[in-house]
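Colleague: The sequence isn't on hand, but the structure is:
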């Protein structure tokens, strides 16, 4: 027999034995239900609108804001600076690549928090790092940023601080003017001219030394 | 970089046809240079004087299989993304019988008939005309065959899943069978009278 054939046969049989030895049973890496339940009940998976807004304004590079609503809704209205990954394309290779990034905070939002919560659960189950849900979603964004309502005068100081953040965000994203606020004019003291009473110069006695 | 390159968007999908064209030309070149454009060589498989066709296709099969298994194991490729031909049982059996009969009668399979045409063989040309006539007839009469064509669909099954075997065991057995088949074929070739062509 040709020696070349013998070498080829030995290689083929060697590869066959290799296939028998290797363990190719693939297991999808995912969290077990108990760990998932703990993560689900952790309130830190929610980020507030104000936190997200602040990071958007300061252009935080570690923040990726993701709209998980369908594309038509994203086109109609979306939070500025967000990208659209609809729920049905959440596990496409490019999306998975984005979600697996360890140094990015992936914050998802939908109209309320139902779709974003579903997306969170799915991604968390696949053990994606740093995924968050924006609390309240677009509805909350619209109510607090786009249509910011001035708190009552009796409201605590924190509410006023938040209100000014919302107004600032509104200006930042939509360039609108601050709602007409009665600007307190500095009190100008209207003083009556004090009559100067001049004494009539005494009449000189004339002469002198 | 992880293969498969196009489904995983490593290469834009627009390159699909370009790569297919280059692979096709390479395939045709190898077929022709291995003598597959001769219907006599192909007929050798049926008469037992030349088993090159069997050997080449079996080698191609086990090489591709071994390559996919090892590359997937090493993480260079994601075998779960590969396209698997859907399995229609009736179409596969009836189509296989017709194809085999045509193979034995004409001395070509579709690919080799084109390599024959490329070097100007008249029998290959006739075979190719028959091939297109068959495609035309089938397309025109598709309504008649539709039930058979789509009959007994079994999804993208794999052989080892259907017979309930582990993938690794099946692959290793297939390699052993291929090696054994090479010996048997060579032995038969020696027994049968040599045909000069």
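Modeller: That came through, no problem. Worth saying up front: this structure is predicted, and the values here are computed from it rather than measured.
Colleague: Indicate the residue of chain A located nearest to chain B.
Modeller: Nearest residue of chain A to chain B (CB to the nearest CB) works out as residue A:16 at 3.9 Å. Bear in mind the C-beta positions are built from the backbone N, C-alpha and C, glycine included.
Colleague: confidence score at that residue?
Modeller: Looking at residue A:16, its pLDDT is 91.
Colleague: Same question for residue A:172.
Modeller: Value for residue A:172, per-residue pLDDT: 85.
Colleague: Excluding sequence neighbours, find me the nearest residue to it.
Modeller: By the measure of CB to CB, 6 or more residues apart in numbering or on different chains, the closest residue to residue A:172 outside its immediate chain neighbours is residue A:57, 5.3 Å from it.
Colleague: neighbours around the one you found, how many?
Modeller: Other residues near residue A:57 number 15, with proximity taken as other CB atoms under 10 Å in any protein chain shown.
Colleague: can you check residue B:193 too?
Modeller: Residues contacting residue B:193 under the criterion other CB under 10 Å number 7.
Colleague: what helix or strand is the residue of chain A closest to chain B on?
Modeller: helix A:3-21 (DSSP states H and E).
Colleague: Just checking the distance from that helix to the centre of its chain.
Modeller: With CA atoms, centre = their mean, to the nearest Å as the basis, helix A:3-21 stands 57 Å off its chain's centre.
Colleague: what comes up buried for it?
Modeller: For helix A:3-21, the neighbour count (16 or more other CB atoms under 10 Å in any protein chain shown) marks A:9, A:12, A:15, A:16, A:19 as buried.
Colleague: check contacts around the residue most central in space within chain A.
Modeller: The geometric centre of chain A, computed from its C-alpha atoms, lies nearest to residue A:52 (CA atoms, centre = their mean), at 2.7 Å. Residue A:52 makes contact with A:63, A:65, A:107, A:134, according to CB atoms under 8 Å, 6 or more residues apart in numbering or on different chains.
Colleague: Reformat those as a markdown table; add neighbour count, secondary structure and pLDDT.
Modeller: Below are those laid out as a markdown table (neighbours: other CB atoms under 10 Å in any protein chain shown; DSSP: H, G, I helix; E, B strand; the rest coil; pLDDT from 0 to 100):
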| residue | neighbour count | secondary structure | pLDDT |
| --- | --- | --- | --- |
| A:63 | 20 | strand | 92 |
| A:65 | 21 | strand | 93 |
| A:107 | 24 | strand | 94 |
| A:134 | 26 | strand | 93 |
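Colleague: name the element the residue positioned nearest the centre of chain B belongs to?
Modeller: When CA atoms, centre = their mean is applied to chain B, the residue found nearest the centroid is residue B:57 (6.9 Å). Taking DSSP H and E as the definition, residue B:57 sits inside helix B:52-73.
Colleague: ok and that helix relative to helix A:3-21, angle-wise?
Modeller: 40 degrees (axes from the mean of the first three to the mean of the last three CA atoms, to 10 degrees).
Colleague: Need the distance between the two termini of stretch A:69-87.
Modeller: End-to-end span of stretch A:69-87 (CA to CA, to the nearest Å): 7 Å.
Colleague: Give the buried residues for that stretch.
Modeller: Buried, per 16+ other CB under 10 Å, within stretch A:69-87: A:69, A:73, A:74, A:78, A:79, A:82, A:85, A:86, A:87.
Colleague: Could you do stretch B:73-81 as well?
Modeller: Those would be B:73, B:77, B:78, B:79, for stretch B:73-81 by 16+ other CB under 10 Å.
Colleague: what does stretch B:168-178 give?
Modeller: Residues of stretch B:168-178 classed as buried under the neighbour-count rule (16+ other CB under 10 Å) are B:168, B:170, B:171, B:172, B:174, B:175, B:178.
Colleague: returning to what we had before: Three-state assignment for the residue nearest to the centre of chain A, please.
Modeller: Secondary structure state of residue A:52, per DSSP: H, G, I helix; E, B strand; the rest coil, is helix.
Colleague: now for the top helix by length along chain B, which elements pack on it?
Modeller: If you go by DSSP state H, chain B has its longest helix at helix B:167-191. Under the contact definition 3 or more CB pairs under 8 Å, 6 or more residues apart in numbering or on different chains; DSSP states H and E, helix B:167-191 sits against helix A:3-21, helix B:52-73, helix B:159-162.
Colleague: How far does the helix or strand where residue A:141 lies sit from its chain's centre?
Modeller: Here residue A:141, judged by DSSP H and E, is contained in helix A:137-141. Its chain's average C-alpha position is 12 Å from that of helix A:137-141, according to CA atoms, centre = their mean.
Colleague: Show me what the mean pLDDT comes to for it.
Modeller: The model assigns helix A:137-141 a mean pLDDT of 90.
Colleague: any idea how far chain A is from the residue nearest to the centre of chain B?
Modeller: 15 Å (CB to the nearest CB, to the nearest Å).
Colleague: near chain B, which residues of chain A show up?
Modeller: A:5, A:9, A:12-13, A:15-20, A:22, A:24, A:26, A:93-94 (CB under 8 Å from any CB of the partner chain).
Colleague: Now the two most distant members of those residues.
Modeller: Distance extremes for the residues of chain A next to chain B: the farthest pair is A:5 and A:94 at 46.6 Å, using CB to CB.
Colleague: hey, where'd the helices end up in chain A?
Modeller: Under DSSP H, chain A gives helices at A:3-21, A:33-40, A:49-57, A:71-76, A:93-99, A:114-125, A:137-141, A:157-174.
Colleague: and residue B:91, what does it touch?
Modeller: B:148, B:149, B:150, B:151.
Colleague: low pLDDT regions in the chain?
Modeller: No chain was given, so I picked chain A. For chain A, the stretches flagged by pLDDT under 70 are A:1, A:24-28, A:176-190, A:201-209.
Colleague: wrong one, chain B
Modeller: B:1, B:197.
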